[in-house]
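Undergrad: Sharing a model prediction with you, sequence too.
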Amino acid sequence: MKKITFIVCALVCGIQFVYAQRLVSDLKIYYKMELPAEQAQMDAMLNNSHLVQYVRGNMSRIDMNFNVVNYIYISNARTKTMLIMIDNHGDKYMIRTNKKEFEKELEEYRKIQFVDQPEEKEIAGYKCRKAIGIMSDGSKFEVFYTVDIAPENKLYNRRFVNLKGFPLEFEIPAKNNAKIKVLATSLEIGPVPASIFDTPSGYKEISQEELKKLRG
């Protein structure tokens, strides 16, 4: 009898462990972006930049606002397609990424290895662990993630497809080998309007090759 009780207890404890991470279908996260001190002085217009991540079912959207240049990424995890929109001083361009291109880029992101570190801290009310992301070219970036929540959509941000939790602080590359810190300030779990994922109007559709020419 004692043996049976122990087994039942172990099973219950195991179930509690499995369900400790909350899977969510809809969420919105607001991040502030902190520039390195030296870059903040050179690019004063980039101060108060921010990033917003939306997730609703198979759909996800990332808005990156650098004040002078804004980017919107709308992706569909079911069809594995993405729209990229760029607003550069009012010049608006849109690039479509098809399934083949999406999966090719996804393969590169799958090569990122995340190595856990001992450091922990609380961000936006969630306990987070530190990890170092190591890319295929050997470059590295820091990330703090929580294991308390996880989107059902595993491709909400392909950069973190191998991460064991949800990122609430991370680094993205900037000019002159600098890195921008992206730090969550609020996280809302709940319905996200479907209209968030509608294709914005007023953008001229161009190819990747045309975008490269525009960038010089």
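TA: It's in. Remember, predicted model here, so these are calculated numbers, not experimental data. Numbers count the residues shown, from 1 in each chain.

Undergrad: Now do the spatially most central residue of the chain against Glu119, distance only.
TA: Among the residues of the chain, the one closest to the centroid is Asn157, at 4.1 Å (CA atoms, centre = their mean). Separation of Asn157 from Glu119 (CB to CB, to the nearest Å): 22 Å. Where C-beta positions appear, they are placed from N, C-alpha and C, glycine not excepted.

Undergrad: which residues pair with Ile189 across the strands?
TA: Under the criterion DSSP bridges, Ile189 forms beta bridges with Leu27.

Undergrad: Can you read off the pLDDT for it?
TA: Ile189 carries a pLDDT value of 95.

Undergrad: Please list all residues in contact with it.
TA: Contact analysis of Ile189 by CB atoms under 8 Å, 6 or more residues apart in numbering lists Val24, Asp26, Leu27, Ile149.

Undergrad: Looking at those, which one is closest to Asn76?
TA: Nearest to Asn76 among the contacts of Ile189 is Asp26, at 15.3 Å by CB to CB.

Undergrad: could you list every residue that touches that closest one?
TA: Asp26 is in contact with Val55, Arg56, Gly57, Ile189, Gly190, Pro191, Val192, counting by CB under 8 Å, 6+ apart.

Undergrad: which residues in this protein form helices?
TA: 2-18, 37-42, 99-110, 208-215 (DSSP state H).

Undergrad: Comparing these, which yields the minimum mean pLDDT?
TA: helix 2-18 (a mean of 39).
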